[in-house]
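S.K.: sequence and predicted structure, then a few things I'm wondering about:
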Amino acid sequence: MPVVDVDPDELRELTGHEEKSDDELKDDLFALGLEFEGETEDGAFQLEFAPDRLDRLSVEGVARSLRYQYGDASGVYVPDTNDAEWTIEVEDSVPDERPYVTGAIVRGVDLSGGALESLIQLQEKLHATMGRKRAKGAIGIHDLAMVKGGSLGPDATEADASPSITYRGVEPDGDTFVPLDSDAELSPAEVLTEHPTGETYADLLEDYERYPAIYDDLGLFSFPPVINGRRTEVTEDSRDLLVELTGTDQWTIDRMCNIICYALDARGGTIEDVTVSYPEHDTVKPDLETDEKVIAHERIESTLGIDLTEDEMLDLFGRAGLDAESEVWGNGEIDYEVEIPPYRTDVLHPVDLIDDVGRAYGFNDLVPRYPDVSTVGGRTERSRLERAVRETLVGLGHQDLLNFHLTNEAENYERMRLSPGQDVLGGGEPATIAEPYSEDYTIVRTWALPSLMALLENNTHRAYPQDVAEVGFAAERDDSNTGVAERRTVAGAVVRHDASYEDAKARLQVLARDFDVELETPPTTHPSFIDGRTASVVIDGEDVGVVGELHPEVLVDHDLELPVSAFEFRLDALAE
């Protein structure tokens, strides 16, 4: 999940609560669901964000939520916009792979102090999340004073002409411009090979015959999704801004644009519409239309386990930054028609509104109570088995882990020297996410060992030895009714200067003894492990996993300089 740096002094200023201490702010932020992860050298809070509330990826968004929580604001706020003066003309030459564009003009914004740094951070965090590392959407922010708009077409009269920029395709070796952090005139192709930022994002355009480009009357000044031109670079002295976004999905870039506009509105900016002129139609952006959803009073009460009056419910909606109107039916039931602001990208279902009401009420203020049932809960057999296995592994010196069940194909396969469809542990076909929110989480993992390797890669600065283990979830596609075979898996790794096959096997022997099963380890091969130092894990005559020393290519790909011996097998093999 993204971690955002937030200056507590800016937060106090933007909320109007100078009296709040750092500890009080941390408590208030925690109530919003923002985890305090530490402080930077400059004293900024490092906050971990849930992936749903992307409107809080800046100090301005966090301050807005706090004002609602404090009761200083209520209901939906939509900034007024001035009529469009500028036009973004979209030509037929725009690459089919990136056909959509949106934008806004923001005038009179104050970027002094930490405002510019906050804007840059918000831009990059949106790129990493909604924009899927710029593949789905990319943001360009420019100093409007340095953009020279052309007239609107050759037949435009002086009365109806307006300044415009053009979104078009450009040949890779076509027009040149000076990109940010450079002094040299480069063509788009040269940017991808000679500029550090271009090298980072070159893979996004590797299949393009023509590259996306944005022109003004002076020439090319933006090369999305890679880099802006130096001529229009934004500084603290910039007051009027051009915000342009291109991408593969109109809804996504429109919502990214809304989040940017709300942040700049909080800094005193005035939003101005732009006309986006496609070959077949014109449209006005930014899209600040609100959405609506309906939810029943009884459903909110039953989910949260609290009793609320109609007025209390309307007040909680307002403190969540929503507007609601109630309708009472003849049987006394109440429905609420809830208006949702345009910066909220997470409200996809009425149940999301319940979460908002719960946070406005205060989850810490909910009183636990026993459910009105005649049974007493307890652990299932599988849960007891998992707990026992964890306790044994911890007793052997392993650190117990809980990793995400979602990953991506590079982590699950490529970095482990695997390919989907291989007849080895972890090589099954993955269950994929139809519309992933991030490129980091596109599939359900088929085995747990890549998760352990990712953790070890992120902890090379920690002291060794490092012994880690996880009892977790894995799945792969099959021919069953559900199409997916789920299983619980046990994985462990031993990392030290003399880690060997015997170290990993010794852990398996202890587990086999403690759970009274027969263990065999006949030689086998597996792409992730070294040939001749790998064996199948056979428990009570059934092949259930693999154990061995990880291949040097796997270690190098994860920046590990010490040998790693590891194992993974099905949890149910230990059941009686």
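M.R.: Nice, I can see it.

S.K.: my read is E10 is in a helix, agree?
M.R.: Yes. When classified by DSSP: H, G, I helix; E, B strand; the rest coil, E10 is found to be part of a helix.

S.K.: what lies in contact with the helix or strand hosting G103?
M.R.: Element membership of G103 [criterion: DSSP states H and E] is strand 100-107. Strand 100-107 has contacts (CB atoms under 8 Å, 6 or more residues apart in numbering) with 81-82, 85-86, 88, 90, 144, 167, 239-250, 253-254, 257, 260-261, 264-265, 269-274, 276, 285-287. Glycine gets a C-beta too; all of them are placed from N, C-alpha and C.

S.K.: swap the cut-off to 6 Å and go again
M.R.: 86, 88, 90, 167, 240-241, 243-247, 250, 253-254, 257, 261, 264, 269-272, 274, 285-286 (CB atoms under 6 Å, 6 or more residues apart in numbering).

S.K.: what lines up beside that strand in the sheet?
M.R.: Strand 100-107 sits in its sheet next to strand 241-247 (antiparallel), strand 270-277 (antiparallel), going by DSSP bridges.

S.K.: to P225, which of those lies closest?
M.R.: Judged by CB to CB, the one of the strands paired with strand 100-107 that comes nearest to P225 is strand 241-247, at 6.6 Å.

S.K.: how far off centre is that closest one?
M.R.: The chain centre lies 20 Å from the centre of strand 241-247; the measure is CA atoms, centre = their mean, to the nearest Å.

S.K.: pull the CA atoms of it into PDB?
M.R.: Extracted in PDB, the C-alpha atoms of strand 241-247 (Å, rounded to 0.1, in the frame of the first residue of the first chain):
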ATOM      1  CA  LEU A 241      -1.500  25.700 -14.500                       C
ATOM      2  CA  LEU A 242      -2.500  23.500 -17.400                       C
ATOM      3  CA  VAL A 243      -3.300  20.000 -16.200                       C
ATOM      4  CA  GLU A 244      -3.500  17.300 -19.000                       C
ATOM      5  CA  LEU A 245      -4.000  13.600 -18.600                       C
ATOM      6  CA  THR A 246      -3.800  10.900 -21.300                       C
ATOM      7  CA  GLY A 247      -4.600   7.200 -20.900                       C
END
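
S.K.: now do the next helix or strand after that strand: which elements does it pack against?
M.R.: Once strand 241-247 ends, the next helix or strand along the chain (criterion: DSSP H and E) is helix 250-266. Under the contact definition 3 or more CB pairs under 6 Å, 6 or more residues apart in numbering; DSSP states H and E, helix 250-266 sits against strand 100-107, strand 137-143, strand 241-247.

S.K.: avg pLDDT for helix 250-266?
M.R.: In this model, helix 250-266 has a mean pLDDT of 95.

S.K.: quick one: buried residues of that helix?
M.R.: 250, 252-266 (16 or more other CB atoms under 10 Å).

S.K.: got the CA positions of that helix in CSV?
M.R.: The C-alpha coordinates for helix 250-266 follow below in CSV (Å, rounded to 0.1, in the frame of the first residue of the first chain):
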residue,chain,number,x,y,z
GLN,A,250,-11.6,7.8,-19.9
TRP,A,251,-13.2,7.2,-16.5
THR,A,252,-9.8,6.6,-14.8
ILE,A,253,-8.1,9.7,-16.1
ASP,A,254,-11.2,11.8,-15.4
ARG,A,255,-11.1,10.7,-11.7
MET,A,256,-7.4,11.3,-11.5
CYS,A,257,-7.9,14.8,-12.9
ASN,A,258,-10.7,15.4,-10.3
ILE,A,259,-8.3,14.5,-7.4
ILE,A,260,-5.7,16.9,-8.7
CYS,A,261,-8.2,19.7,-9.2
TYR,A,262,-9.5,19.3,-5.6
ALA,A,263,-6.0,19.4,-4.2
LEU,A,264,-5.2,22.6,-6.2
ASP,A,265,-8.6,24.1,-5.2
ALA,A,266,-7.5,23.7,-1.5
